[in-house]
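Novice: take a look and give me a structure for this.
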Amino acid sequence: MELIDQLHRTLSLQEVPKRIISLVPSQTELLVDLGLEENLVGITKFCVHPVHLRKTKTIVGGTKEVKLERIKALKPDIILCNKEENTKKMVEELQEIAPVHVSDIIKIEDSFELMQQYARIFDKEAPVKVIIGSIREKMGKLQEQLKHKPAKRIAYFIWKEPLMVAGKDTFVDELLKLNKLENVFNTSRYPETSLQEIKAKKPDLLLLSSEPFPFAEKHKPYFSELNIEIKLVDGEYFSWYGSRLVKAMDYFKALNF
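Specialist: Below is the predicted model:
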């Protein structure tokens with residue numbers, strides 16, 4: 001069968017792939033939730049959900065750099081990548097080993113599209129339908145809960161040195177909007193910033209994410225001179241797509257900003 005991925009690349013598959021390598025943590029979790037754990041033969045060191053996976057699967061590297069010979073030895077039928085997480089060079093090299101599917105996620109609907117593509121690739125229409133239905137239902141309830149809540153202006157921090165935030169055209173920004181949180185950064189992707197710039201933008205709230213930089217309580221004093229409310233947030237719920245969105249909606253409902 002011929003399939004089109006989210007970069008509009010064509011993949012040709014002779015049959016349903018049985019041996020899968022996933023180079024994206026949130027996509028690895030999705031595959032497990034689709035009942036494909038046994039088919040996973042290789043993952044990255046950052047594929048931390050479910051927690052036992054790194055003990056039972058071959059680690060082929062990280063998201064930016066992999067061991068090609070190790071991947072080749074696993075004889076995959078398909079390799080799953082993402083435009084943001086993985087590099088173009090990596091995808092080009094991996095294509096010499098097996099068909100490569102590349103996702104590109106900015107909107108929640110992009111995540112649904114990815115799941116539907118996986119449904120076709122791996123013959124998993126039923127579980128994909130259940131997951132998407134659950135996310136849509138929970139998302140509707142969250143929107144109803146927040147309907148009359150005034151929007152807050154926020155800055156969402158992802159790195160400390162240099163100081164970096166999530167900007168526009170990111171999945172993080174999409175989930176911030178879902179939570180009625182207005183991003184004070186209009187720059188695309190992940191701009192560097194400074195305490196002076198943050199102060200000038202006058203956000204109501206600073207969100208310190210647990211990933212990719214592991215912000216914690218000890219980092220709050222760094223921002224104290226701004227005299228702005230600070231909250232620590234679980235970065236997985238704001239940046240992981242796929243089946244993680246089911247739990248994310250429950251997490252968002254419990255937030256009290």
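Novice: shaky segments in the stretch 101-250 of the chain?
Specialist: Counting by pLDDT under 70, not a single residue of the stretch 101-250 of the chain qualifies.
Novice: mind listing the helices for it?
Specialist: For the stretch 101-250 of the chain, helices defined by DSSP state H, counting those that start in this stretch occupy the ranges 108-122, 125-145, 171-178, 195-201, 235-239, 244-254.
Novice: out of those helices, which is the most enclosed?
Specialist: Across the helices of the stretch 101-250 of the chain, the average number of neighbours (mean count of other C-beta atoms under 10 Å) peaks for helix 235-239, which reaches a mean of 22. Every residue, glycine included, has its C-beta placed from N, CA and C.
Novice: so what's the closest residue to Phe257 other than its chain neighbours up against?
Specialist: Closest residue to Phe257 apart from its sequence neighbours, by C-beta to C-beta, 6 or more residues apart in numbering: Lys152 at 5.8 Å. Under the criterion of C-beta atoms under 8 Å, 6 or more residues apart in numbering, the contact partners of Lys152 comprise 180-182, 204-205, 257.
Novice: which of the residues you listed fall within strands?
Specialist: Among the contacts of Lys152, the members falling in strands are 181-182, 205 (criterion: DSSP state E).
Novice: what ranges do the strands span in the stretch 1-150 of the chain?
Specialist: Across the stretch 1-150 of the chain, reading from the start of the chain, the strands by DSSP state E, counting those that start in this stretch fall at 2-4, 10-12, 20-22, 40-43, 58-59, 78-82, 100-103.
Novice: of those, which is nearest Lys141?
Specialist: Ranking the strands of the stretch 1-150 of the chain by proximity to Lys141 (C-beta to C-beta) places strand 100-103 first, at 26.6 Å.
Novice: about what we covered before: between the ones in strands among the contacts of Lys152, identify the one with the most neighbours.
Specialist: Neighbour counts for the ones in strands among the contacts of Lys152 were taken using other C-beta atoms under 10 Å; the highest belongs to Leu181, which has 24 neighbours.
Novice: Thr170 - how many residues pack around it?
Specialist: Taking other C-beta under 10 Å as the neighbour definition, Thr170 ends up with a count of 23.
Novice: these two touch, right, it and Ile106?
Specialist: Yes: applying C-beta atoms under 8 Å as the test, Thr170 and Ile106 come out as touching, 6.9 Å apart.
Novice: quick one: contacts for the residue of the chain positioned farthest from its centre?
Specialist: Here the centre of the chain is the reference, and by C-alpha atoms, centre = their mean the most remote residue is Glu225, at 31.7 Å. Taking C-beta under 8 Å, 6+ apart as the contact definition, Glu225 lies against Leu195.
Novice: circling back: from Ser194, how far off is the residue nearest to Phe257?
Specialist: Distance from Lys152 to Ser194, counting by C-beta to C-beta, to the nearest Å: 22 Å.
Novice: repeat that for Leu208.
Specialist: In this structure, Leu208 and Ser194 are separated by 16 Å, where distance is defined by C-beta to C-beta.
Novice: what's the longest strand in the chain?
Specialist: strand 152-159.
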